[in-house]
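# need coordinates for the below:
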Amino acid sequence: MKTRILTALLASMLIFTGMATADASGKNLDPNDSCSQVLRFEGPFDDEMVIFWSFGYLSSITGKLKPVEKNRAKKILSAIKKLCDQNPQQKFGLTVEKLGRLLVKAANNNAPAGPDASDIVKQFLRPGADFARLTAAIKPTVRDVKYVFAEPLASKLVAMYGQVFKPGARIRPKPEHNDYLVTQSTTGKLRSGVDLEKFAGGHKKLLKYYRKDIPVARFKFIKSGETLGLSFDALYYVNGRWVLMPKPWRGLR
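Modelled structure (predicted):
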């Protein structure tokens, strides 16, 4: 296993140094050659050489080390060949890079969005709701903030939310509010541009600070039938519960 991972990493390193791998005959696999030239049926490279090079590059794109398992190798090779069929003259390296982007996008789209945040929001609209208790229940801890955000933003937010969530703090709908809207996604999707337009524009400033791919949600208290209301952005699902970290982009000022 270690040998396989090291081989994949070596292949990735060779890419960044502008080098190419070579088979036993000394023939170089140049990622700047067309994919059809590298993958043509009569050679000059066997599938194993192409697979190891590709796994190394894919690891650098997706940020995940995958063992070079036989079944996965077949699927990756098949996917590369299909992409090459669509554009035979495209450079081999660019063909593998395209596959990497597709894999990242698929992973982000399939990431779980977490438990339904509506379960938290609707409690604020119940008759006799204890707003102080409900607010305290979604107060983020220092651990929560540092789990979601990288430094130096994390420490700034710890101080900021210490002021926001003072004892007795209350989040409450306005008297005319009798309904709510919830938009839910994940930080991974936001980083890839998916659902980003559904959230406040400040999230664009946060993308490089998100440490994990976790569920995120925004919500509004509204009057039934309307879309404008009192907005809160955003809830994060961390350490087994939803916590509210309102307008975290303000920590970047």
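
# what are the ranges of the strands in the protein?
Using DSSP state E, the strands found in the chain span residues 21-22, 28-29, 179-186, 215-222, 229-238, 241-244.

# quick one: the one residue sitting closest to the centre of the chain and residue 235, what's the gap?
Centroid-nearest residue in the chain, with Cα atoms, centre = their mean: residue 188, separated by 1.8 Å. From residue 188 over to residue 235 the distance is 16 Å, taken as Cβ to Cβ, to the nearest Å. The way it works is simple: take the backbone N, C-alpha and C, and place the C-beta from them, glycine included.

# now residue 68
40 Å.

# so these two - more neighbours on which side?
Using other Cβ atoms under 10 Å as the criterion, residue 68 and residue 235 rank with residue 235 on top: 25 against 19.

# residue contacts, the more buried one?
With contact taken as Cβ atoms under 8 Å, 6 or more residues apart in numbering, residue 235 is in contact with 117, 120, 138, 216-219, 242-245.

# so the nearest residue to it once chain neighbours are set aside bridges to which residues?
Excluding the flanking residues, the one nearest residue 235 by Cβ to Cβ, 6 or more residues apart in numbering is residue 217, at 4.4 Å. Beta-bridge pairing for residue 217 (DSSP bridges): residue 184, residue 235.

# does residue 217 touch residue 186 like I think?
No - the criterion here is Cβ atoms under 8 Å, and residue 217 misses it with residue 186 at 9.7 Å.

# what residues are shared contacts of those two?
Common contact partners of residue 217 and residue 186 (Cβ under 8 Å, 6+ apart): residue 114.

# how far away is residue 167 from residue 150?
Per Cβ to Cβ, residue 167 is found 29 Å from residue 150.

# the more surrounded of those two?
More crowded of residue 167 and residue 150, by other Cβ under 10 Å: residue 150, with 11 against 6.

# separation between the more buried one and residue 226?
Applying Cβ to Cβ, the value for residue 150 to residue 226 is 37 Å.

# likewise for residue 201?
Distance of residue 201 to residue 226, computed by Cβ to Cβ: 21 Å.

# ok, now residue 149?
32 Å.

# same check on residue 199?
Residue 199 sits at a distance of 19 Å from residue 226 (criterion: Cβ to Cβ).

# between the two, which one's more packed in?
A side-by-side neighbour count of residue 199 and residue 226, using other Cβ under 10 Å, places residue 199 first with 18 against 12.

# ramachandran angles for the more buried one?
Backbone torsions of residue 199, given as degrees, to the nearest 10, read phi -110, psi 170.

# just checking, it touches residue 190?
Yes - in this structure, residue 199 is within contact of residue 190 by Cβ under 8 Å, at 6.7 Å.

# just give me the neighbour total for residue 140.
Look at residue 140: counted by other Cβ under 10 Å, it has 26 neighbours.
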